[in-house]
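*Asks:* Sequence plus the predicted model coming up.
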Amino acid sequence: MQRATASKRHEKDHHGTSGKAAILVTVLCWLAVVADGFDLIVYGSVLPTLDDEPGWNIGAKGLSVIGAVTFLGMLIGAIVTGLLSDRLGRRLPLITCLVWFSLCMIGSALAPSPEVLGIARFLAGLGLGGLLPTASALLMEYAPPRHRVLIYAMAISGIPLGGVLAAVLSLPLLPEPGWRVLFMIGAAPLVLIVPVALRYLPESLEYLVSRGRTEEAAAVAGRFGVPLPPQAPAEDAAAPSASLFRGRNLTASLCFWVATFLALLTWYGLGTWLPGIMRDAGYELGSAVGALLVLSIGGVVGSCLIAAMGDRLGYRAVAIASFLIAGTSLFLLSIPAGTLVLYLLLAVAGSAAVSTQVLINSFVGVYFPPQRRAGALGWTLGVGRTGAIVGPLSIGLIVDTGMSYQWNFYLFGACALLGAIAIMMVPSGAGRHA
């Protein structure tokens with residue numbers, strides 16, 4: 001009797017410890033994504049003041065180029081890191097990305113010219129783009145199974161949450177001491193997250209199993225209370241990304257890439273230029289930055305509420321609905337309205353725009369085999385990053401040509417509607433989520 005009681009107590013303690021360990025991985029990945037979002041979206045917060053930097057004379061075109069080269073770096077970083085993580089594991093690439101973009105944020109803060117700032121932002125983009133697919137894949141392995149979708153949505157909401165932090169901090173800091181301090185804050189992960197990740201972040205179980213390190217994988221799985229993934233088929237292990245470009249998978253990959261291109265064009269175009277658009281519409285700097293804050297808060301709250309519905313109703317259906325909601329809200333933003341209505345529409349647009357990408361990422365995660373998850377996410381986010389490049393450049397072009405601010409919302413609204421069509425065209429897959 002005593003032996004049975006002791007066994008139950010030991011099992012309970014083991015599960016409690018495992019649960020705490022899994023939560024730690026979730027929190028670390030979430031903090032990494034928040035840092036990623038801050039360092040990315042902070043440029044949109046400081047953009048209205050960069051044009052006033054003494055001796056720089058950037059102009060709308062120069063501001064657009066700096067924003068675009070950041071996303072070009074993210075495109076390269078997402079593809080390369082996603083592929084490397086299938087071969088080197090996910091722990092080392094994730095930590096390396098954190099260190100890399102933190103150092104580059106210091107370089108951005110110290111930039112003596114717009115050219116140097118552009119180089120620093122491009123280099124930062126390599127790490128910013130590489131972190132999300134790696135953190136996403138690792139999170140989906142270690143999140144508690146019953147709450148995996150909700151936790152994943154909360155973690156990815158770290159991107160707009162980082163935008164909230166950027167907007168909140170810019171309100172008191174942007175006038176004085178100025179934009180350089182905001183970039184320097186972006187280096188905080190170097191001392192706040194990296195040391196903890198080095199000590200506690202585990203390696204990917206899927207990577208360990210694919211490399212035949214099954215005993216190590218079993219020990220880690222037992223410690224974190226998660227199931228051991230199956231061994232990858234031999235042909236997939238030999239050619240990690242080949243299965244993404246065959247048959248129905250190729251069609252699905254193309255649809256996911258197009259949908260991500262359109263979703264990221266919409267979100268990052270807004271995130272980069274919204275304060276500038278609001279200034280052109282006649283709003284003061286505080287109200288313009290406040291618009292970015294509302295957009296980001298909507299993204300945080302909505303991505304959790306809407307994306308969690310994907311687990312019940314299917315990622316395809318909810319992603320289509322989210323795209324349509326975003327498109328409708330963005331078209332309505334082109335109609336002059338009071339501040340309250342403006343902020344309400346921005347909150348809805350932010351909520352739907354962010355949740356679309358969360359749903360696409362989740363869709364990709366269940367559509368392709370687990371062993372190809374990081375590679376599939378890397379390709380999807382990497383190719384889709386071209387949308388993040390095109391978005392800021394397109395808005396810069398609209399600004400330079402003197403077109404009214406409404407055309408920005410026409411562009412974003414059309415992209416959201418086309419995104420819904422791209423998701424509709426994804427071939428049917430296995431399971432109710434696909």
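*Replies:* Perfect, I can see it now.
*Asks:* From here on, just use CA atoms for contacts and neighbour counts.
*Replies:* Fine.
*Asks:* Contacts only, for L393.
*Replies:* L393 makes contacts with 61, 64-65, 67-68, as judged by CA atoms under 8 Å, 6 or more residues apart in numbering.
*Asks:* Next step: the residues you listed restricted to helices.
*Replies:* When DSSP state H is applied, these are split such that 61, 64-65, 67-68 fall in helices.
*Asks:* between those, which is closest to G44?
*Replies:* Of all the ones in helices among the contacts of L393, G67 has the smallest distance to G44: 8.4 Å, by CA to CA.
*Asks:* low-confidence ranges in the stretch 201-350 of the chain?
*Replies:* Applying pLDDT under 70 to the stretch 201-350 of the chain flags residues 230-244, 246-247, 272, 282-289, 307-308.
*Asks:* before we move on, the earlier item: could you identify which of the ones in helices among the contacts of L393 has the most neighbours?
*Replies:* Highest neighbour count within the ones in helices among the contacts of L393, by other CA atoms under 10 Å: G67, with 31 neighbours.
*Asks:* so who does the closest residue to V390 other than its chain neighbours touch?
*Replies:* Using CA to CA, 6 or more residues apart in numbering and skipping the chain neighbours, the partner closest in space to V390 is L265 (6.5 Å). By CA under 8 Å, 6+ apart, the contact list for L265 reads 385-392, 412, 415.
*Asks:* can you check G118 too?
*Replies:* So G118 contacts 65-66, 69-70 (CA under 8 Å, 6+ apart).
*Asks:* V168: which of the ones in helices among the contacts of L393 is nearest?
*Replies:* Out of those, the member with the shortest distance to V168 (by CA to CA) is G67, at 20.4 Å.
*Asks:* name the element the nearest residue to the closest one once chain neighbours are set aside belongs to?
*Replies:* Sequence neighbours aside, P392 is the residue nearest to G67 in space, at 6.3 Å (criterion: CA to CA, 6+ apart). Element membership of P392 [criterion: DSSP states H and E] is helix 373-400.
*Asks:* between the contacts of L393, which is nearest V42?
*Replies:* G67 (10.8 Å).
*Asks:* Show the model's pLDDT score for that closest one.
*Replies:* Looking at G67, its pLDDT is 82.
*Asks:* give me every residue that touches it.
*Replies:* Counted by CA under 8 Å, 6+ apart, G67 has contacts 43, 121, 272, 389, 392-393.
*Asks:* Include distance to P160 when you put those residues into CSV, please.
*Replies:* Below are these laid out as CSV (distance: CA to CA, whole Å):
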residue, distance to P160
Y43, 13
R121, 19
T272, 12
I389, 18
P392, 17
L393, 21
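*Asks:* What is the most widely separated pair among those residues?
*Replies:* The widest separation within these (CA to CA) is 15.3 Å, between R121 and L393.
*Asks:* show me the contacts for L28.
*Replies:* 193, 197, 201.
*Asks:* could I get these as JSON lines with secondary structure and neighbour count?
*Replies:* Output for those, formatted as JSON lines (DSSP: H, G, I helix; E, B strand; the rest coil; neighbours: other CA atoms under 10 Å):
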{"residue": "I193", "secondary structure": "coil", "neighbour count": "18"}
{"residue": "A197", "secondary structure": "helix", "neighbour count": "20"}
{"residue": "L201", "secondary structure": "coil", "neighbour count": "23"}
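*Asks:* Quickly name whichever of the residues you listed is closest to M184.
*Replies:* Of all these, M184 sits closest to I193, with 15.5 Å by CA to CA.
*Asks:* Report whether the expected contact of the closest one with W30 is present.
*Replies:* No - I193 is beyond contact range of W30, at 10.6 Å (criterion: CA atoms under 8 Å).
*Asks:* Would you mind listing where the stretch 1-150 of the chain has pLDDT under the threshold?
*Replies:* 1-22, 144-150.
*Asks:* again, 50 this time
*Replies:* 1-17 (pLDDT under 50).
*Asks:* now the helices for it?
*Replies:* With DSSP state H, counting those that start in this stretch, the ranges of helices along the stretch 1-150 of the chain come out as 2-50, 59-88, 91-109, 114-142, 148-156.
*Asks:* out of the ones you listed, nearest to G225?
*Replies:* When the helices of the stretch 1-150 of the chain are compared (using CA to CA), the closest one is helix 2-50, at 4.9 Å.
*Asks:* Now list the buried members of the contacts of G118.
*Replies:* With burial judged by 16 or more other CA atoms under 10 Å, the buried subset of the contacts of G118 is 65-66, 69-70.
*Asks:* Adding distance to L345, write the residues you listed out as TSV.
*Replies:* Shown next, in TSV, are the buried ones among the contacts of G118 (distance: CA to CA, whole Å):
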residue	distance to L345
V65	28
I66	28
V69	29
T70	28
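*Asks:* Just name the closest of these to A376, please.
*Replies:* T70 (21.8 Å).
*Asks:* Not counting sequence-adjacent ones, nearest residue to that closest one?
*Replies:* Closest to T70 by CA to CA, 6+ apart is F122, at 4.4 Å.
*Asks:* Can you verify my assumption that that neighbour contacts L72?
*Replies:* Yes - F122 is within contact range of L72, at 6.9 Å (criterion: CA under 8 Å).
*Asks:* Thanks again, I'm all set now.
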